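> dropping a prediction and its sequence here:
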Amino acid sequence: MARVRSVLTIAGSDSGGGAGIQADLKTFAAHGLHGLSAIAALTAQNTRGVQAIHVPPPSFLKAQLDSVFTDFDVCAVKIGMLANARIIDTVADALEHYRPKSIVLDPVMVSSSGHTLLETRAIRRLVQRLLPMATIITPNIDEAVLLLDHSIDNDEQAEGALVELLAMGAKAVLLKGGHLSGKKVIDRLDTGKALYEFEHPRLKVSGHGTGCTLAAAIAANLALKKSLSDACEAAGDYVYAALKAAYTPGTSKLSVLKHFSA
């Protein structure tokens, strides 16, 4: 019997269940794939914010990565919160060794509540080691600003940011447009050869875990052998549907995606 295709998330755990590892595994399951996880950070988190972060020893993260890669058919990898330079190096070493076909890097740096999730000094290490290795990176506007060290305030600057991020070593960039103003949300994909735009109406929903879910959905669609542009388009449609059906499980107004309705 052929092994079921598996997708691996290397990210942080969200105890509130809306983002991170928890959102990724829901996304993989919704796409009919077996989800694997290597937990790079633990957060005490709910819909009101992040209260605490614990980073397991790099040796334990390495043990998780070795465990999944030596047993499962890992067709794609999604990378989220990595916290610090030692964790980044551990992940990069494992990916260089096992060489999965597709790697989706979501450069998670700051939570939606404003909590710092990546040490400032680790950003350079992320750029040096993981950016060139990734099939695609999926920053939002705020993350692109931190990577490029300048503001991005409009569509023209967003298009210029794509060129700059490719020049930094990225093979392809999906720049998420949710943080720019306008009635539509425009996500821009630059593969270095072609430019694509994916538009969705802006929803009046304060969503949680959208970035994690989008990157996980891209990884899932790549595992299902879609082209990069088709994977990004399908992932955007998936997030839009899940956000449109979002619900509020906590005491705040922050909504969580309804994954299986998508």
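Thanks, I have the structure now.

> for the residue nearest to F72 when sequence neighbours are not counted, what are its contacts?
Closest residue to F72 apart from its sequence neighbours, by CB to CB, 6 or more residues apart in numbering: S6 at 4.3 Å. Yep, even glycine has a C-beta here, placed from its N, CA and C like the rest. With contact set as CB atoms under 8 Å, 6 or more residues apart in numbering, S6 has these partners: 33-36, 68, 72-75, 223.

> ok, and the most crowded of the residues you listed?
Within these, most neighbours by other CB atoms under 10 Å means A223, with 27 neighbours.

> any idea of the pLDDT on that one?
Note on A223: pLDDT of 98.

> ok, it touching D73?
No - the criterion here is CB atoms under 8 Å, and A223 misses it with D73 at 9.6 Å.

> give me the common contacts of these two.
With CB under 8 Å, 6+ apart as the test, A223 and D73 both reach 5-6.

> between the contacts of S6, which is nearest A262?
L33 (14.5 Å; CB to CB).

> surely the closest one meets L222?
No - the pair L33 / L222 is not scored as a contact, 10.7 Å apart, by CB under 8 Å.

> touching both of these two, which residues are there?
Residues touching both L33 and L222 (CB under 8 Å, 6+ apart) are C75.

> returning to that earlier point: partner residues bridging the residue nearest to F72?
With DSSP bridges as the criterion, S6 is bridged to H34, V74.

> and it, how far is that from V163?
The gap separating S6 from V163 is 35 Å, by CB to CB, to the nearest Å.

> any chance you could map the strands in the protein?
In the chain, the segments counted as strands under DSSP state E are 6-14, 34-46, 49-54, 74-79, 102-105, 136-137, 173-175, 184-190, 195-201, 207-208, 255-256.

> those: which one's closest to D89?
D89 sits nearest to strand 34-46 of all these, at 11.7 Å, using CB to CB.

> identify each buried residue in the closest one, please.
Going by neighbour count (16 or more other CB atoms under 10 Å), the buried part of strand 34-46 is 34-43, 45-46.

> what's the answer for stretch 173-188, then?
Neighbour-count burial for stretch 173-188, counted by 16+ other CB under 10 Å, picks out 173-178, 180, 185-188.

> quick check: the farthest pair among the residues you listed?
Using CB to CB, the buried residues of stretch 173-188 span at most 16.5 Å, a distance reached by V173 and V185.

> so which of the strands of the chain comes closest to A122?
strand 34-46 (11.8 Å).

> work out the gap between the closest one and the centre of the chain.
In this view, strand 34-46 has its centroid 13 Å away from the chain centroid, taken as CA atoms, centre = their mean, to the nearest Å.
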